[in-house]
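Requesting a structural model of the entry that follows:
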Amino acid sequence: MSKAGCKIKVDLSGIERRFSAAQLEAKQAAFAKRIAFEMRDYVPVDEGTLRDSEPLASDYENGRIEWQAPYAQRVHDLPQSSIRKTKNPNARSHWPEEAKKERMGAWDAFAHKLMEEK
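Sure thing, here's the model as predicted:
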């Protein structure tokens, strides 16, 4: 089965003393769910199978966001000119990277907000 995904690593060494392991896991899950939700805006849609594979394949508590459809990697690697925008006008090839380019500032602010909360 083909996979397409994006890994985001966060250095937790400075905050491990501030939060319990359960609190950190909950914050990681909240962050990953937000990123995944926003990345879905960029996923090419034909019947929705690719887009809908992400919540089932991802492991938010461990920070893993993944699309697991048989053709996920192939669609990810298509040139942008091959992506149909009929059902999703925001569809992009390389959707995780494109979402990151456009939304990194908001994700950074959200991560800071999560770390300020007890």
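
Could I get the pLDDT score of Met1?
Met1 is assigned 51 on the pLDDT scale.

What of the one 5 residues further on?
pLDDT, Cys6: 67.

now swap in Ala69 and tell me
Per-residue pLDDT puts Ala69 at 92.

looking at this, it is in a strand?
No: assigned with DSSP: H, G, I helix; E, B strand; the rest coil, Ala69 falls outside any strand and is coil.

And the next helix or strand past the helix or strand of the chain with the lowest mean pLDDT?
Ranked by mean pLDDT, DSSP states H and E, the weakest helix or strand in the chain is strand 4-7, scoring a mean of 66. Following strand 4-7 in sequence order, the next helix or strand is helix 21-39 (DSSP states H and E).

mean confidence for that next one?
Averaging pLDDT along helix 21-39 yields 95.

For that helix, buried residues please.
By 16 or more other CB atoms under 10 Å, the buried positions in helix 21-39 come out as Leu24, Lys27, Gln28, Ala30, Phe31, Ala32, Arg34, Ile35, Ala36, Glu38, Met39. In short, each C-beta sits where N, CA and C put it, glycine included.

What residues does the most centrally placed residue in the chain make contact with?
By CA atoms, centre = their mean, the chain has its centre lying nearest to Ala36, at 3.3 Å. The neighbours of Ala36, taking CB atoms under 8 Å, 6 or more residues apart in numbering as the test, are Glu54, Pro55, Ser58, Tyr60, Ile65.
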